[in-house]
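Colleague: Kindly return the folded structure for what I paste below:
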Amino acid sequence: MKKLYAISGVTGMTGNELVRQILVDESTDHILGFDNFYASSIETVFDHIQDERFEFFEYDLNNKEQMQDFEDRVKELSPSYDEVIYINCAAVVHTEHFYHVYETFETNVEGMNEFLQQAIRVGAHKYINCSTSEVYSMNSWNDNGGVKENDYLTISVAEHSQRTSYATGKLLTEFFMKDAVDKGKIKGCSIRFANVYSKDERYPKHIIPFIINSFRDNGKVVLLENSRKNKRTFLNNYDSCSAVLALTNTESALDGTVYNVATDEEISIIDLAKLCAKKMHIEDPKIEFEGFRTADPERRLLSTEKIRTRTGWRPQVDLEKGLNECIENYLLEKN
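Modeller: Numbering: from 1, shown residues only. So this is what the prediction gives:
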């Protein structure tokens, strides 16, 4: 079966890895992808930029003329393919942007819905909405295998922190997704990713590359005061993308609901910093603390029973392997 993929945010951390996993050697699939390089670079897809199966557009999700041109191209190609699949990876994701209410709303909420409506107009078969585990806010863990997708939320509000505007916006997109599926307009689902990291992150602001680059460049790392208590699980972007594709290949799972995608390897932020330092052969790592983030849960532990049961997906890259790859790659950049 030949598939045509339309991917927003295609040079970002999720999008560029999807390109690699879709365009394997024998694949007859085709990708139409776009990005505005808000937090990425064309370099992330250099290995496939000359591939005839991949068409890249330097477009902005919020630019109506560019999105119309992209829609026209999908319509032009779609008759030659058995299935058209939309994957929305575009998002304002770095923590520093979580507080920018209007900026995150325009891209993460309005942009997602416009891309969904485009998918419906062109007659796409499936739509994957990349959401976030941030929606769990202050109720991000339990002692019974982690929070499940249908657990009630205890969410921080504006009285606590503007940071949660990002989470509530992403939560709203899950309602758009469910509504479209319930009304029979398209098949699809939403994915709540845990803390995703990559060895190829262009702007290393997520915690793992931040720690590695801080030790590399400054000989120390400065963490938030929250890090004295915080614990997290970390999901390699190879596994986050394999989960996306596992869902696209499991039609029965595309019921408009939500899927957690995570690992169960929980580690404290302090221990993570010490582990990175050890792997970098730093015997006595200097760790300092400065600043505090409100509405930040001490733990985030998700149950992945639902996606495992319905699709058979399992994470393949454990933290040991993922950190080794990150350290090797970021140290190589310095040389």
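
Colleague: So which residues of the stretch 151-300 of the chain form strands?
Modeller: Listed in chain order, the strands of the stretch 151-300 of the chain (DSSP state E, counting those that start in this stretch) span 187-193, 195-197, 220-223, 231-232, 234-236, 255-261, 267-268, 286-289.

Colleague: Give me the mean pLDDT for the first one.
Modeller: Strand 187-193 shows a mean pLDDT of 98.

Colleague: now do the last one
Modeller: Regarding strand 286-289, the rounded mean pLDDT is 98.

Colleague: Okay, buried residues for the helix or strand just after that strand please.
Modeller: Heading C-terminal from strand 286-289, the first helix or strand you meet, by DSSP states H and E, is helix 305-311. By 16 or more other C-beta atoms under 10 Å, the buried positions in helix 305-311 come out as 306-308, 310-311. Any C-beta I mention is one placed from the backbone N, CA and C, and that applies to glycine too.

Colleague: again, but for stretch 314-328
Modeller: Buried residues in stretch 314-328 (16+ other C-beta under 10 Å): 315, 317, 319, 322-323, 325-327.

Colleague: Ok, stretch 228-248 next?
Modeller: Those would be 230-248, for stretch 228-248 by 16+ other C-beta under 10 Å.

Colleague: In helices, which of these appear?
Modeller: Among the buried residues of stretch 228-248, the members falling in helices (DSSP state H) are 237-248.

Colleague: Tell me the one of those nearest residue 46?
Modeller: residue 237 (16.7 Å; C-beta to C-beta).

Colleague: so how far is residue 275 from the closest one?
Modeller: 19 Å (C-beta to C-beta, to the nearest Å).

Colleague: Please apply the same query to residue 50.
Modeller: 38 Å.

Colleague: Comparing those two, which residue is more hemmed in?
Modeller: residue 275 (17 against 7; other C-beta atoms under 10 Å).

Colleague: The more buried one touches residue 323, doesn't it?
Modeller: Yes: using C-beta atoms under 8 Å, residue 275 is in contact with residue 323, at 6.7 Å.

Colleague: can you give me the strands for the stretch 1-150 of the chain?
Modeller: Per DSSP E, counting those that start in this stretch, the stretch 1-150 of the chain carries strands over the ranges 3-8, 30-34, 54-57, 83-88, 126-132.

Colleague: burial of residue 77, as a residue count?
Modeller: For residue 77, the count of nearby residues is 16 (other C-beta under 10 Å).

Colleague: which residue packs closest to it, ignoring adjacent ones?
Modeller: Once flanking residues are discounted, residue 77 sits nearest to residue 4: 5.7 Å by C-beta to C-beta, 6 or more residues apart in numbering.

Colleague: Alright, I will stop here.
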